[in-house]
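Visitor: okay, sequence plus prediction incoming.
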Amino acid sequence: MLIREAKLAGTPEQFAQLDAAIRTAQCVHNRCLRYWRDNAGVSKNDLQKFCAVLAKDAEQPWMGLLNSQARQAAAERTWQSIQSFYRRCKEGAKHKGYPKFKKHSRSVEYKTSGWKLSDDGMSITFTDGFKAGQLELWLDGSARQLILSSKINRVRVVRRADGYYAQFCLDVERQEAGVYSGNVIGLDLGLKYFTKDSNGAEVACPKFFRKGEKRLRRAQRRLSKRFKKGAKPQSKNYHKQRQRIGKVHLKIQRQRKSWAIEQARRVMVSNDIVVYEDLRVPNLVRSRHLAKSIHDAGWTQFTHWLDYYGKLWRKVVVAVNPAYTSQDCSGCGYRVQKSLSTRTHDCPHCGLTICRDQNAALNILKRGLEVVGAEWNNGTAGHAETGSQEQTTGEISTSAEVGQPTSVSAVAEPVRTSREAV
Ligand SMILES: [Zn+2]
């Protein structure tokens, strides 16, 4: 699956109709969730049937205006969140993530009906009961050609601070020829920098990570000055500032996203096997240092794109449990206890002296290579034998396995819409 996005150009009345459709999809989600909570043993099928009941609801007549497949899509999303909740319960996860009612939904998803793309791909017409009509599509020529020449599985309308967008989910298997160098690499999430790799190279945190936060704080201070307690409605200036904040958020999101893509691409181009620490693994050892938590969000996005390029170029991307990676000696395996402020790894057992984070990156790489069953000797990086595909260590391999490129079927771009985690 590939996703291409276009900005929608239309009148305020049309956007108001899109808003109504978004609100209705949110309403479908909330009603489905309520139905699941109130009735025992509700299945996916029950929710689908419930959609048809909703469509004829006399108390909420607007429910019937939304395209029937869009209603189904909203119910499917609800079911997904219910299912992941069940899964996390089964796994005994600490945060179960009980499905929540939505208050500020920003998107509605159509499947194959309720909309029509014009023959030249210049506009899209929404044909369901909300009658948003024809809206112009702003996107570049090659993306337009791709949309016109592919099967469109879904169209998602997304509201952002600077306008409305249409995301086209295309039934395309994107696959490119990768360049193979024989290099392997382990990545550690540093405190002082974004990543440090097993070769000792580091990537500094871009300045906009902090700059953006500063700008945001300033804008939020300004907003709170304009807030009048008890005033209804709030002043025009207040709402202007509120919209400005939305745009600052959007800019930060986009900066971070393009940066994550750039970094992930750079790493994946020059390495065949990439191993990173999996922050989803609940870990008591890993200290939740303040500076680290700021990076975490950026790191998650970065690892999503590593996975993406791994699939695209048929390379191996492995996420490993980061427990003890900074304590253990990468030379001999001896556990050297150290506090966060100790910057170098000094092994009393084998005498290895090395930067603390590089030591961690080396351990991460070793673990990853164990997962894919590759051989690796310290100092002769790149000497990877990739025979077996045993996964005995219980770690999560998130991408293609070496020697099994055929197992890669579809590549989904990690596009997230509502409240992107950045
Ligand atoms: Zn040692």
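Guide: Now that the structure is in, tell me what you want to look at. Everything numeric in this text was worked out from a predicted model, so none of it was measured.
Visitor: need the strands for the stretch 101-250 of the chain, in chain order.
Guide: 107-110, 115-117, 123-126, 133-138, 152-160, 163-170, 184-189, 195-197, 202-203 (DSSP state E, counting those that start in this stretch).
Visitor: get me the contact residues on the stretch 301-422 of the chain for the ion.
Guide: 329, 331, 332, 334, 347, 349, 350, 352 (CB under 5 Å from the ion). Every residue, glycine included, has its C-beta placed from N, CA and C.
Visitor: buried subset of these as a ChimeraX selection?
Guide: Selecting only the buried entries of those in ChimeraX, with 16 or more other CB atoms under 10 Å as the criterion:
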select :329,331,347,352
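Visitor: next one: whichever residue of the stretch 101-250 of the chain sits closest to the ion from residue 39, what distance?
Guide: Residue of the stretch 101-250 of the chain nearest the ion, by CB to the ion: residue 198 (15.7 Å). According to CB to CB, to the nearest Å, residue 198 and residue 39 sit 53 Å apart.
Visitor: who's more crowded, the two?
Guide: Neighbour tally, residue 198 and residue 39, criterion other CB atoms under 10 Å: the higher count belongs to residue 198, 26 against 10.
Visitor: give me every residue that touches that one.
Guide: 185, 186, 187, 358, 361, 362, 364, 365, 381 (CB atoms under 8 Å, 6 or more residues apart in numbering).
Visitor: please, which helix or strand holds residue 310?
Guide: In this assignment (DSSP states H and E), residue 310 forms part of helix 290-312.
Visitor: tell me who's in contact with the closest residue in space to residue 367 that isn't next to it in sequence.
Guide: Nearest non-adjacent residue to residue 367, counting by CB to CB, 6 or more residues apart in numbering: residue 320, 4.2 Å away. Going by CB under 8 Å, 6+ apart, residue 320 touches 275, 276, 277, 278, 364, 367, 368, 371, 395, 396.
Visitor: how near is the residue nearest to the first one when sequence neighbours are not counted to residue 361?
Guide: Here the nearest residue to residue 275 in space, its sequence neighbours aside, is residue 368; by CB to CB, 6+ apart that works out to 2.7 Å. Taking CB to CB as the measure, residue 368 and residue 361 are separated by 11 Å.
Visitor: so what sits against both of the two?
Guide: Joint contacts of residue 368 and residue 361 (CB under 8 Å, 6+ apart) are residue 186.
Visitor: who has more neighbours out of these two?
Guide: residue 361 (32 against 29).
Visitor: check which helix or strand covers the more buried one.
Guide: Assigned by DSSP H and E, residue 361 falls in helix 356-372.
Visitor: run the chain-centre distance for that helix.
Guide: Centroid separation for helix 356-372 versus its chain: 24 Å, with CA atoms, centre = their mean, to the nearest Å.
Visitor: and that helix, average pLDDT?
Guide: What helix 356-372 shows for mean pLDDT is 90.
Visitor: alpha carbons only: can I get that helix in CSV?
Guide: Extracted as CSV, the C-alpha positions of helix 356-372 are listed here (Å, rounded to 0.1, in the frame of the first residue of the first chain):
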residue,chain,number,x,y,z
ARG,A,356,29.6,4.4,26.7
ASP,A,357,27.1,4.8,23.8
GLN,A,358,29.2,3.1,21.2
ASN,A,359,29.5,0.1,23.6
ALA,A,360,25.8,0.0,23.8
ALA,A,361,25.4,0.2,20.0
LEU,A,362,27.9,-2.7,19.7
ASN,A,363,25.8,-4.7,22.1
ILE,A,364,22.6,-3.9,20.3
LEU,A,365,24.2,-4.9,17.0
LYS,A,366,25.4,-8.2,18.5
ARG,A,367,21.9,-9.0,19.8
GLY,A,368,20.4,-8.2,16.4
LEU,A,369,22.8,-10.5,14.6
GLU,A,370,22.0,-13.3,17.0
VAL,A,371,18.3,-12.8,16.0
VAL,A,372,19.0,-13.1,12.3
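Visitor: which residues sit in contact with the residue nearest to residue 275?
Guide: Applying CB under 8 Å, 6+ apart, the residues contacting residue 368 are 186, 273, 274, 275, 318, 320, 395.
Visitor: does residue 76 sit in a helix or strand, and which one?
Guide: Counting by DSSP H and E, residue 76 is part of helix 68-91.
Visitor: tell me the buried residues in that helix?
Guide: 69-79, 81-82, 85.
Visitor: counting by contacts, list what that helix packs against.
Guide: helix 12-38, helix 44-55, strand 107-110 (3 or more CB pairs under 8 Å, 6 or more residues apart in numbering; DSSP states H and E).
Visitor: how much does that helix deviate in direction from helix 44-55?
Guide: Helix 68-91 and helix 44-55 are oriented at 140 degrees to each other (axes from the mean of the first three to the mean of the last three CA atoms, to 10 degrees).
Visitor: longest helix anywhere in the protein?
Guide: When the chain is parsed with DSSP state H, its longest helix is helix 236-270.
Visitor: skip the chain neighbours and tell me the closest residue to residue 357.
Guide: residue 196 (3.9 Å).
Visitor: which ones are touching the one you found?
Guide: 187, 188, 190, 202, 203, 355, 357, 358, 360, 361.
Visitor: now the last one: how far from the ion?
Guide: Separation of residue 361 from the ion (CB to the ion, to the nearest Å): 16 Å.
Visitor: my read: that residue touches residue 186, true?
Guide: Yes. Using CB atoms under 8 Å, residue 361 and residue 186 qualify as a contacting pair, with a distance of 4.5 Å.
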